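Novice: Mind folding the following:
(one chain, ligands or ions: 2)
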Amino acid sequence: MKRTKINVVLVLEQTPGEILIKGWVRTKRDSKEFCFMEINDGSCLKNIQVIANKDLKNYSDIKTITTGTSVAIAGQLVASPGKGQKWEIQATDIEIINIAPESYPLQKKRHSDEFLRTIAHLRPRTNKYGAAFRIRSEMVFAIHKFYREKGFRYLTAPLITGSDAEGAGEMFRVTCLDPKGSGKQGKMDFKDDFFGQESNLTVSGQLSAEMFALALGDVYTFGPTFRAENSNTSRHVAEFWMLEPEMAFCDLKENMDHGEELVKTLTRHAINECSEDMNLFTSFVDKSLPKLFDTLLNTQFGRISYTEAIDILIKSKKKFEFPVEYGTDLQSEHERYLAEVYFEKPVFLTDYPKQIKPFYMRMNDDGKTVAAMDLLVPGIGELIGGSQREERLDVLEKRMDEMNLSKKEYWWYLDSRRFGSVPHSGFGLGFERFLMMITGINNIRDVIPFPRTPGSIDF
Ligand code: 4AD
Ligand code: MG
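Specialist: Ligands and ions are numbered 1, 2, ... in the order given. As a prediction, this is how the structure comes out:
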């Protein structure tokens, strides 16, 4: 077999003639003169049908092929008389690369998401997960395309950091010290550690992004972030990808406009560029997706203040598990009520009380609320969290004092407000939550290749 392999996704663009494909057998049917095989190579949802004639020299071996067996197939690409497929391959040469034994767990039947999570190393071979991870790949590209076309610069923020951007203290420590004690006094002393101080995995690239926005204008970071939140929910993982645009000369309204445009553009990209894979989700996973897409693309997202949201929730008279009270953080059930039941569309909540938000958010004139914004979407709850940043040095320093944050440690952050400070804003979009929204997959563990959650780090 000297020809060059073609991915099945590209077969549609071929003209009849010689072809070589390599992939895995999904099913095989034998008839008297032939055997038919459905081959999938993972490049797209579609299988390609292969016809193996009994004249093939290794036909007796071909008859032993099982589901999951890997093969290389050379042959003629011809128009298929069968319905639902444009092409098929009449094999001239079939090389069996590796026979899969009967114990191969992915025999042709429906498997539950829970079961597939226990074989996360094999699940991308199924139609549903293959589709989900191809969409994930395409959406990474869509993000870079969106920002490149807007003239943003891409910043890779450090993953190991000495500062806690969110101040929520949910960080994974990075250390080379022996947990039994670092020597000197028999206890851990971070002065002896690799960096000579405590260090952690980043919870957000925002503080780095702010420094670069105040130099390059419009920037974004997109990378893994880590949170040691002990919340075992369908929306939290310990390692997730966050997209964080940061824009100089940008206020809260422009920040929301940008978030809305981003969500609309990415959704449109998924529908247009991943149509085959997306159809699997709209047909088999969540039939209400087309309605959601219509809402996402064709309505203006709602915009209300936190205070108005609290009023709506109290007046709803709905029995929530967690009580609604001004000054407390909204729970997922509250966020979903607002987006799903009350507004029936995505809604931005703005101007949260300062005590439930991080130090960097810009203080409003009332002295009580900050210029925060969260985007709540149906089915998910919070998709985006962001704010206008406090650009006034004196106000920022006062806020840091109130929150007992060390101005000495954040000297570089404060420097940015000392030299050429400007109003600027940004937000973080949870990439996995976005994928959940557009696929209807309702557990975050199923949109990330190998999820990391409390008590679970397999694969
Ligand atoms: O609201 P968050 O905590 O915002 C920040 O970290 C800001 N520094 C971002 C910024 O302004 N540049 O997180 C942003 C988003 C959330 O809205 C949510 O979608 C997602 O990140 N997220 C998680 N996704 C999965 N698992 C978790 N444990 C997540 N925590 C937050
Ligand atoms: Mg948040």
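
Novice: and the residue of the stretch 251-400 of the chain nearest ligand 1?
Specialist: Among residues of the stretch 251-400 of the chain, the one nearest ligand 1 by C-beta to the nearest ligand atom turns out to be residue 385. It sits 2.2 Å away. Placement of C-beta: from N, CA and C, glycine included.

Novice: nearest spatial neighbour of that residue, skipping sequence neighbours?
Specialist: Spatially, and ignoring its direct neighbours in sequence, residue 385 is nearest to residue 374 (5.1 Å; C-beta to C-beta, 6 or more residues apart in numbering).

Novice: right, and the secondary structure at the one you found would be what?
Specialist: Counting by DSSP: H, G, I helix; E, B strand; the rest coil, the backbone at residue 374 sits in strand.

Novice: Report the beta-bridge partner residues of it.
Specialist: Following DSSP bridges, residue 374 is listed with bridge partners residue 349, residue 385.

Novice: Kindly report the same for residue 173.
Specialist: When bridges are assigned using DSSP bridges, the partners listed for residue 173 are residue 200.

Novice: start at 36 instead
Specialist: Yes, from this point I'll number from 36; that puts the last item at residue 208.

Novice: who in the stretch 86-235 of the chain is up against ligand 1?
Specialist: Proximity of the stretch 86-235 of the chain to ligand 1 is confined to 200, 201 under the rule C-beta under 6 Å from any ligand atom.

Novice: Low-confidence regions, the stretch 86-235 of the chain specifically.
Specialist: Applying pLDDT under 70 to the predicted model, the residue ranges of the stretch 86-235 of the chain that meet it are 216-221.

Novice: Contacts only, for the residue of the stretch 286-435 of the chain closest to ligand 1.
Specialist: Contacts for residue 420 (C-beta atoms under 8 Å, 6 or more residues apart in numbering) come out as 407, 408, 409, 410, 462, 463.

Novice: Test my guess that the third one contacts residue 383.
Specialist: Yes: between residue 409 and residue 383 there is a contact under C-beta atoms under 8 Å: 7.1 Å.

Novice: Residue 204 - how many residues pack around it?
Specialist: Residue 204 sits with 9 neighbouring residues when counted by other C-beta atoms under 10 Å.

Novice: That one belongs to a strand?
Specialist: No: remark: residue 204 does not belong to a strand; assigned using three-state DSSP, it is coil.

Novice: a helix runs through residue 343, doesn't it?
Specialist: Yes: using three-state DSSP, the secondary structure at residue 343 is a helix.

Novice: Where does residue 86 sit: helix, strand or coil?
Specialist: Classification of residue 86 into helix, strand or coil gives strand, according to three-state DSSP.

Novice: List the beta-bridge partners for it.
Specialist: residue 71, residue 125.

Novice: elements contacting the strand ranked longest in the chain?
Specialist: Of all the elements of type strand in the chain, the one with the most residues (DSSP state E) is strand 52-65. Under the contact criterion of 3 or more C-beta pairs under 8 Å, 6 or more residues apart in numbering; DSSP states H and E, the helices and strands touching strand 52-65 comprise helix 43-46, strand 69-75, strand 105-114, strand 122-133.
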